[in-house]
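In: Structure here, sequence nowhere to be found:
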């Protein structure tokens with residue numbers, strides 16, 4: 001098993017950390033550091049009758065579940081990481097066979113937030129604890145819970161932007177397998193800590209609604225493969241098209257003045273900025289290189305091979321053809337991600 005020496009587990013609700021990733025947390029905690037970030041306190045969950053009074057005594061279900069989360073994390077040997085802010089549980093309802101937030105979900109719920117704001121909370125925690133890897137739900141959230149899916153999207157986005165490996169819980173054998181047996185006692189103690197939501201009965205968990213779920217004897221994890229939003233094949237195509245745009249534009253932008261320059265600049269800026277608008281910085285870099293290389297070699301003529309062609313004359317058109325694509329490339333490559341923009345907005349608010 002090799003997820004990393006310090007792993008941050010990111011979940012939506014208390015008890016998810018143990019039900020979904022308990023064996024991995026306990027295993028990593030034995031040899032390294034396991035941190036747990038939980039973005040809501042599960043205030044919309046039901047309560048087992050045996051714990052109804054405890055919830056009243058605690059003041060709220062959220063307060064009780066926070067205490068239970070503390071106990072579970074201690075049992076697993078992990079460290080709890082508090083988010084910079086906390087969202088509300090979205091609840092869940094089945095709509096035409098698909099999991100959706102509860103009908104009365106509030107504006108403070110996790111699923112009511114922009115993806116960039118959820119990413120911001122994950123990003124802040126990652127920057128504080130600096131893990132070697134991130135672990136969360138798969139893209140379906142395990143069983144479709146909308147809060148789980150929102151957390152998955154945020155963790156994958158942050159991992160991609162910061163180049164941190166991301167692993168998701170898988171139902172079938174994948175890249176990493178974590179056996180329960182060596183840490184079974186720790187996991188069972190952690191499960192028992194979540195007494196408002198479940199009970200341990202032999203080798204199974206009984207949920208508040210009466211559903212029985214076997215305790216997984218092996219937890220499987222799949223590495224999320226790093227890729228650009230456009231894919232590597234599309235990135236190569238973008239780079240080649242940009243090379244054609246840069247080359248043809250360099251030789252023809254003076255052909256029909258001023259429309260030759262206008263069309264060449266529009267094509268160059270579009271091929272450079274377009275991939276960035278689609279979320280791919282890598283493809284934008286490929287496009288920038290494709291456009292700027294022929295400009296640098298042919299238009300600037302560093303080897304003095306252009307002779308008297310005068311492809312870059314010291315006039316307005318010549319300088320616009322050199323400077324506008326270069327400026328577009330700088331802006332496209334340097335523009336912050338959605339998480340980065342969220343941090344900028346947060347800083348601006350003070």
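Out: Looks like it arrived, so ask away. Just so it is clear, the structure is predicted and the values come from calculations on it, not from any experiment. Numbering: from 1, shown residues only.

In: And residue 66, how far from residue 8?
Out: 19 Å (C-beta to C-beta, to the nearest Å). C-beta: built from backbone N, CA, C; applies to glycine.

In: Neighbour count for these two, which is higher?
Out: Ranked by neighbour count (other C-beta atoms under 10 Å), residue 66 and residue 8 place residue 8 first, with 28 against 18.

In: Doesn't that one lie inside a helix?
Out: No - counting by DSSP: H, G, I helix; E, B strand; the rest coil, residue 8 falls outside a helix, being strand.

In: mind checking pLDDT for it?
Out: The model reports residue 8 with a pLDDT of 97.

In: Enumerate every residue touching it.
Out: Applying C-beta atoms under 8 Å, 6 or more residues apart in numbering, we find residue 8 in contact with 35-37, 81, 125-126, 129, 131, 133-135.

In: For it, give the beta-bridge partners.
Out: Applying DSSP bridges to residue 8 yields these beta-bridge partners: residue 35, residue 134.

In: correct me, but residue 79 touches residue 33?
Out: Yes - counting by C-beta atoms under 8 Å, residue 79 touches residue 33, with 6.8 Å between them.

In: Give me the neighbour count for residue 319.
Out: Neighbours of residue 319 using other C-beta under 10 Å come to 12.

In: actually residue 254, sorry about that
Out: Residue 254: 18 neighbours (other C-beta under 10 Å).

In: what residue ranges in the stretch 51-200 of the chain score low on pLDDT?
Out: Within the stretch 51-200 of the chain, the stretches with pLDDT under 70 are 94-100.

In: now with 90?
Out: 51-52, 55-59, 85, 90-106, 111, 140-145, 160-163 (pLDDT under 90).

In: where exactly do the helices run in it?
Out: 52-58, 61-76, 115-129, 146-162, 184-193 (DSSP state H, counting those that start in this stretch).

In: Which elements pack onto the longest one?
Out: It refers to helix 146-162. For helix 146-162, the packing partners by 3 or more C-beta pairs under 8 Å, 6 or more residues apart in numbering; DSSP states H and E come out as strand 6-11, helix 115-129, strand 133-136, strand 166-170, helix 338-348.

In: list the helices and strands the longest one packs on?
Out: Right, the one you point to is helix 115-129. Short answer (3+ C-beta pairs under 8 Å, 6+ apart): helix 115-129 packs on strand 6-11, strand 33-38, strand 79-81, helix 146-162, helix 338-348.

In: Let me have those in a markdown table, extended by distance to residue 327.
Out: As requested, the helices and strands packed on helix 115-129 are exported to a markdown table (distance: least, C-beta to C-beta, whole Å):
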| stretch | distance to residue 327 |
| --- | --- |
| strand 6-11 | 38 |
| strand 33-38 | 39 |
| strand 79-81 | 41 |
| helix 146-162 | 24 |
| helix 338-348 | 20 |
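
In: so which of these comes closest to residue 225?
Out: helix 146-162 (10.2 Å; C-beta to C-beta).

In: now the closest one: how far from the chain's centre is it?
Out: 3 Å (C-alpha atoms, centre = their mean, to the nearest Å).

In: and that helix with strand 33-38, angle?
Out: With axes from the mean of the first three to the mean of the last three C-alpha atoms, to 10 degrees defining the directions, helix 146-162 sits at 130 degrees from strand 33-38.

In: Now tabulate the helices and strands packed on helix 146-162 in JSON lines and tack on distance to residue 246.
Out: Listed next are the helices and strands packed on helix 146-162 as JSON lines, based on distance: least, C-beta to C-beta, whole Å:
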{"stretch": "strand 6-11", "distance to residue 246": "42"}
{"stretch": "helix 115-129", "distance to residue 246": "33"}
{"stretch": "strand 133-136", "distance to residue 246": "38"}
{"stretch": "strand 166-170", "distance to residue 246": "35"}
{"stretch": "helix 338-348", "distance to residue 246": "28"}
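
In: Out of these, flag the one nearest residue 247.
Out: The nearest among the helices and strands packed on helix 146-162, by C-beta to C-beta, is helix 338-348 at 33.2 Å.

In: can you list the weak-confidence ranges in the stretch 251-350 of the chain?
Out: 251-261, 274-284, 294-322, 332-350.

In: hmm, back to that, buried deepest among the helices of the stretch 51-200 of the chain, which one?
Out: Stretch with highest mean neighbour count among these: helix 146-162 (a mean of 23; mean count of other C-beta atoms under 10 Å).

In: contacting residues for the closest residue to residue 12 other than its chain neighbours?
Out: Closest residue to residue 12 apart from its sequence neighbours, by C-beta to C-beta, 6 or more residues apart in numbering: residue 147 at 3.9 Å. Listed by C-beta under 8 Å, 6+ apart, the contact set of residue 147 reads 12-13, 39-40, 89-90, 92, 101, 110-111, 141.

In: cool, residue 178 as well?
Out: Contacts of residue 178 by C-beta under 8 Å, 6+ apart are 1, 23-24, 27, 218-221.

In: Now a PyMOL select for only the buried ones of these.
Out: A single PyMOL command selects the buried members of the contacts of residue 178 (16 or more other C-beta atoms under 10 Å):
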select buried, resi 23+24+27+219+220+221
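
In: mind putting the contacts of residue 178 in a markdown table, distance to residue 193 included?
Out: Shown next, in a markdown table, are the contacts of residue 178 (distance: C-beta to C-beta, whole Å):
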| residue | distance to residue 193 |
| --- | --- |
| 1 | 24 |
| 23 | 16 |
| 24 | 17 |
| 27 | 18 |
| 218 | 22 |
| 219 | 18 |
| 220 | 24 |
| 221 | 23 |
